[in-house]
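**Q** sequence first, predicted coordinates after that:
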Amino acid sequence: MDPQLLRTFVAVVDHRSFSAAARTLGYTQSAVSQHIAALEADLDALLVTRRPVAATEAGERLLEHARPLLLRIQAARADIGRLREVRRGQLTMACTPGALTPTVAEAVMRARTAAPQPAVSVRVCGREEAVRSVLTGAADLALVDGVAAPSDPLPLPDAALLTVCAIAQEPLAVLLPADHPLAGRPALRLPDLATAHWIDAPDAAVPLRQLRSAARTDGFRHRLSYAGSDVRGLGALVAAGAGLTAVALTVAGGLPGVTAVPISVPRIVHRTELLHPRSPTEEAAELADDLRPAAQ
């Protein structure tokens, strides 16, 4: 299959429009239609319905393959590009909200004031985007947080192509309004909260699907969805009674109107991992070396 045709197919499905996909890709609408027709002829299957524009069953199945294939192609280009092009004097880091701790900020500032001073850029984003940024060369390294059993690695898609190491592990806590009946407890059992109202904030807190998996229940249904990465804004929603969320115990410090209660059952922790290419830039390697001892 031609990657160009796959890229067009993904854009059409994502935008649910041939014309919008054409604008995004810089093609004419006619060219997009030809790409889809050529891909359907190659696979001998209808992939996209036209009115409305949506993936068929065969299209949904192809989408499962197309996204990782296109990502691997981008990763291969970036990996080969690093061998021939050495970028110096700049450092770009992608970071999930829960991973941007004071320790990390201090390490970034030490990198910023090193001689010679690199141009440092820190971008806060979701977990999948952070991993993708390193794979595709948009970032030199990434810091990603999530929930795992003690000493277990985070279940990060596509991270096998990168060098990954743990830099921090700390207790996981439920974030409650300060006046919540459970706010005074020393610890909480996660399964006991399966029927509570929750906020689905996959980029700013622990994704609810991970809580379901950890508690081995199909509960943890969300009352409100939060698409942002601002932890302070998420804390404001919790304080207002919009629902509960799970974060690292230290993240709750300084958030007004909320209380963080550690989770005692099951035995899970908040873990932060550092990801970088197998051949990092000099600046990225130095920052990685500076961060690693922080967990020890």
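**A** Cool, got the structure.

**Q** quick one: mean pLDDT for the longest helix along the chain?
**A** Counting residues, the longest helix found in the chain (DSSP state H) is helix 57-84. Here helix 57-84 scores 85 as its mean pLDDT.

**Q** quick one: buried residues of that helix?
**A** 59, 62, 63, 66, 69, 71, 74, 75, 78, 79, 82 (16 or more other CB atoms under 10 Å). The C-beta positions use only the backbone N, C-alpha and C, and glycine is treated the same way.

**Q** which of those residues lies closest to residue 251?
**A** Of all the buried residues of helix 57-84, residue 251 sits closest to residue 71, with 29.1 Å by CB to CB.

**Q** hmm, the closest one is touching residue 136, no?
**A** Yes: using CB atoms under 8 Å, residue 71 is in contact with residue 136, at 7.4 Å.

**Q** ok, the nearest residue to residue 135 once chain neighbours are set aside - contacts?
**A** In this structure, residue 135 finds its nearest non-sequential neighbour in residue 75, 4.1 Å apart by CB to CB, 6 or more residues apart in numbering. Contacts of residue 75 were listed using CB atoms under 8 Å, 6 or more residues apart in numbering, and they are 135, 136, 158, 161.

**Q** top of these by number of neighbours, please.
**A** Using other CB atoms under 10 Å as the neighbour test, these are led by residue 135, with 23 neighbours.

**Q** quick check on that residue: phi, psi?
**A** Per-residue torsions, residue 135: phi -60, psi -40 (degrees, to the nearest 10).

**Q** helix, strand or coil for residue 117?
**A** At residue 117 the chain is in coil, as set by DSSP: H, G, I helix; E, B strand; the rest coil.

**Q** so what pLDDT did it get?
**A** Confidence score, pLDDT, at residue 117: 70.

**Q** what's it sitting at in phi/psi?
**A** phi -70, psi 120.

**Q** what's the answer for the one 5 residues further on, then?
**A** Residue 122 has phi and psi values of phi -120, psi 130 when expressed as degrees, to the nearest 10.

**Q** dump the residue contacts of the closest residue in space to it that isn't next to it in sequence.
**A** With CB to CB, 6+ apart as the criterion, residue 122 has its nearest non-adjacent residue at 5.2 Å, and that residue is residue 93. By CB under 8 Å, 6+ apart, the contact list for residue 93 reads 108, 120, 121, 122, 123, 139, 140, 141, 142, 143, 287.

**Q** returning to what we had before: closest to residue 26 among the buried residues of helix 57-84?
**A** Nearest to residue 26 among the buried residues of helix 57-84 is residue 74, at 17.2 Å by CB to CB.

**Q** residue 255 - how many residues pack around it?
**A** Residue 255 - counted by other CB under 10 Å - has 19 other residues nearby.

**Q** who touches it in this structure?
**A** Contacts of residue 255 (CB under 8 Å, 6+ apart): 175, 231, 232, 235, 239.

**Q** tell me where the protein has strands.
**A** 48-50, 53-55, 90-95, 119-124, 141-148, 163-177, 188-189, 198-200, 222-225, 245-248, 258-265, 269-276 (DSSP state E).

**Q** right, and those strands - which one's nearest residue 102?
**A** strand 163-177 (11.2 Å).

**Q** next, the angle from that closest one to strand 258-265.
**A** Per axes from the mean of the first three to the mean of the last three CA atoms, to 10 degrees, the angle that strand 163-177 makes with strand 258-265 is 120 degrees.

**Q** that older thread, adding distance to residue 251, write the contacts of residue 255 out as a markdown table.
**A** Output for the contacts of residue 255, formatted as a markdown table (distance: CB to CB, whole Å):
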| residue | distance to residue 251 |
| --- | --- |
| 175 | 8 |
| 231 | 6 |
| 232 | 10 |
| 235 | 9 |
| 239 | 14 |
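
**Q** nearest to residue 197 among the residues you listed?
**A** When the contacts of residue 255 are compared against residue 197 (criterion: CB to CB), the nearest one is residue 175, at 12.6 Å.

**Q** residue 254 - how many residues pack around it?
**A** Using other CB under 10 Å, residue 254 has 9 neighbouring residues.

**Q** PyMOL command for the buried members of the contacts of residue 93?
**A** Buried members of the contacts of residue 93 can be picked out in PyMOL with the line below, counting by 16+ other CB under 10 Å:
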select buried, resi 108+120+122+139+140+141+142+143+287
